[in-house]
Each structure stands twice: as structure tokens, then as C-alpha cells.
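Novice: what follows is a protein structure lacking sequence information:
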């Protein structure tokens with residue numbers, strides 16, 4: 001499709017988070033200019049005001065040149081933007097999971113964010129599970145919500161340094177929010193024989209420390225802080241398995257990164273995770289402590305199973321590239337917004 005207008009991207013989301021990684025990986029591959037909208041956090045009061053002020057400037061600039069279309073990678077576009085918008089909604093976690101958000105935030109999602117989604121020319125998301133929920137929640141026409149997926153970065157490969165500990169370890173990568181199911185996961189870990197270690201990204205926090213002390217496993221936990229991609233890949237490679245035992249996910253990027261490093265995954269068979277893991281991981285009921293304990297024990301002791309899943313996981317992860325995600329985003333934006341970056345779309349491999 002011939003582009004009718006220019007294109008700009010709200011890059012304020014590019015911090016350490018899943019949204020930030022998606023934004024950075026896709027925007028840089030598509031060479032889309034960034035929106036000038038101040039440096040405040042996008043969802044802070046100042047950040048929301050900055051976005052509306054950017055919309056006002058874009059409207060005034062339209063007297064000299066056509067307003068540019070806008071891609072917002074973090075679910076919220078300004079309602080007053082004077083050209084078509086694309087909004088990325090990774091999931092509806094704050095809407096669907098008890099304890100993830102208070103009443104005020106849920107009301108904000110159901111009013112302001114839903115209006116932004118309905119006003120967008122196209123809504124992009126990362127899994128078919130999220131797409132189904134967005135369609136149900138928003139009432140947007142099915143052809144305006146497009147699954148583009150997620151990718152895995154070049155640091156995550158089977159080859160490379162491996163983290164070493166004084167005994168086998170399991171790995172958890174993620175935050176400490178309720179949907180991550182950490183209390184049950186820790187209870188299951190406490191029942192695993194052999195006293196393995198559990199390595200966790202981030203720093204000690206009450207959501208982990210309290211249950212770990214009560215279960216008597218605090219001395220077998222190690223915290224990684226915020227490792228860069230190289231250190232995180234080394235932690236994946238050294239692990240007996242990665243645990244992704246959430247009760248809800250919009251995608252599940254740690255499962256993909258672990259498989260790309262040829263490390264088996266123990267995952268929940270819920271929401272988006274079956275789309276990511278397929279038959280290349282071991283599944284356990286996230287509400288059944290015994291099921292999770294059994295899965296952890298098998299992956300620590302069954303070398304044949306671990307080798308089979310390592311091979312299957314690496315093969316499956318190879319299909320999830322950021323180039324393919326960027327190509328799907330470019331196709332959706334060109335089709336629904338009629339827009340392109342300066343100089344046109346770069347040559348990215350299509351799925």
C-alpha cells in the first residue's frame with residue numbers, strides 16, 4: 001500500500017520491561033522516528049499530559065504538513081491525536097487478575113483505555129489469547145485486532161557462557177505480582193528432594209521472603225538483580241529448568257528465552273503459555289502444588305527428558321524472531337494506517 005502520511009512512535013515505554021523490549025526491538029528494526037513527548041513515565045499524570053500536549057503540537061503542525069500517524073506500544077494513545085493510531089495491548093492482566101490493580105485502575109482501563117482502543121485504526125497484540133480477550137472486552141471489529149507475537153534476542157542461544165552454582169538450580173525470571181503464583185511455586189520447590197537452589201531475577205521482596213522463610217527454603221534462594229541479556233542467557237543455560245508457573249500471562253517471554261537457550265521449561269497450561277511452549281515444554285497445573293513439585297523433580301533428575309525438551313525447545317524458539325514481529329507490525333500499520341517511516345519501510349523478513 002502506498003503511504004499517505006508519515007509515522008512516529010512513542011518510545012517513552014523503552015524501559016526495563018516486556019513492553020519496553022517489544023518497543024525497542026520493533027521500532028529500531030523499522031527505523032520509525034520517535035515522538036517528542038517529554039521524559040516522564042508514560043502512565044504518570046505528567047506523562048499522560050505530555051502525550052496530549054504532543055497531540056496538540058501535531059495538530060498545529062498539520063497546517064504546514066500532514067499530521068503523522070502514531071504507534072503507541074503501551075496500550076494508550078491520545079484521544080485527540082489528529083491522524084490514525086495503532087495501539088499495542090499486550091494483555092488485560094490488570095483487568096482480569098484479582099489483586100493486579102485497584103478499583104481506580106480498572107475503572108481507568110474500562111473507560112479511558114477502552115476508548116483509546118476503540119478509536120485506534122488497528123490494535124496490535126502478542127498472542128491469540130490476548131487477542132480473544134481484547135475483542136471480548138473492547139467490542140472492536142475482529143479485523144482491527146492483529147496478533148504480531150514476540151521475538152527472542154540474539155543473546156539467547158544454546159552456545160555461550162553458563163552460570164555455575166555449587167549444586168543444580170531452577171530459574172525463575174519475572175516480577176513478584178500475584179499472577180506469577182510465587183507462593184505456590186515456592187511451596188512446590190520446598191517439597192523437591194535433593195535441596196536444589198532456586199535463582200530468581202530481581203531483588204529480595206516480601207512476596208518472596210515471607211513464604212520462603214516460612215517454608216524453610218530462604219537459604220536456597222539466590223537473587224540475580226537486573227541482569228543484562230548476556231548474564232541472563234548464562235543463567236538460563238546453567239539452569240536445570242526455567243519455571244513459568246503463572247496463573248495468567250499475555251505471552252510469557254521467559255519461556256521463549258529459556259527454550260532459545262536450550263533449557264527446558266516447566267510451564268502452566270493456561271492463557272497464552274501453550275501458544276509459546278507448544279509440545280516443547282513440560283506442563284504443570286499452577287494451582288496444584290503436587291503437580292508442580294513432580295515437574296520440578298522430573299526436570300532435575302531425568303536427563304533423557306531434559307535433553308529431549310532442550311532440543312525441541314530450541315527448534316521451536318527459532319521461529320520467534322524480532323524480524324518476523326517487525327514485519328507483521330509493518331504490514332498491519334501500512335494496511336490500517338496508510339503510513340510509513342521516512343524513506344519507506346526497510347526490508348525485513350516476512351513470516
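Specialist: The structure has been received and is ready for your questions. These figures come from a predicted structure and were not determined experimentally.
Novice: run through the bridge partners of residue 123.
Specialist: On the basis of DSSP bridges, residue 123 is bridged to residue 87, residue 145.
Novice: now do the strands in the stretch 251-351 of the chain.
Specialist: Applying DSSP state E, counting those that start in this stretch to the stretch 251-351 of the chain gives strands spanning 265-267, 282-283.
Novice: which one of those strands lies closest to residue 303?
Specialist: strand 282-283 (13.8 Å; C-beta to C-beta). Where you see a C-beta, it was placed from the backbone N, CA and C, and this is true even at glycine.
Novice: quick one: residues contacting residue 273.
Specialist: Neighbour list for residue 273: 244, 246, 249, 252, 255, 267 [criterion: C-beta atoms under 8 Å, 6 or more residues apart in numbering].
Novice: what's the answer for residue 172, then?
Specialist: Contacts of residue 172 (C-beta under 8 Å, 6+ apart): 182, 185, 198, 199, 200, 201, 242, 243.
Novice: and with 10 Å instead?
Specialist: By C-beta atoms under 10 Å, 6 or more residues apart in numbering, the contact list for residue 172 reads 180, 182, 185-186, 189, 198-202, 208, 221, 224, 239, 242-245, 254.
Novice: which residues of the stretch 151-300 of the chain fall in helices?
Specialist: Here the stretch 151-300 of the chain has its helices, by DSSP state H, counting those that start in this stretch, at 182-190, 206-215, 229-238, 253-260, 273-277, 289-301.
Novice: dump the ones you listed to a markdown table, plus mean pLDDT.
Specialist: Output for the helices of the stretch 151-300 of the chain, formatted as a markdown table (pLDDT from 0 to 100):
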| stretch | mean pLDDT |
| --- | --- |
| helix 182-190 | 97 |
| helix 206-215 | 94 |
| helix 229-238 | 97 |
| helix 253-260 | 97 |
| helix 273-277 | 96 |
| helix 289-301 | 98 |
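Novice: determine which stretch of the ones you listed is the most buried.
Specialist: Across those, the average number of neighbours (mean count of other C-beta atoms under 10 Å) peaks for helix 253-260, which reaches a mean of 27.
Novice: the inter-axis angle of it versus helix 229-238?
Specialist: Counting by axes from the mean of the first three to the mean of the last three C-alpha atoms, to 10 degrees, helix 253-260 lies at 70 degrees to helix 229-238.
Novice: what packs against helix 253-260?
Specialist: The elements that helix 253-260 packs onto, with contact taken as 3 or more C-beta pairs under 10 Å, 6 or more residues apart in numbering; DSSP states H and E, are helix 18-30, strand 169-172, helix 229-238, strand 241-244, strand 265-267, helix 273-277, helix 303-317.
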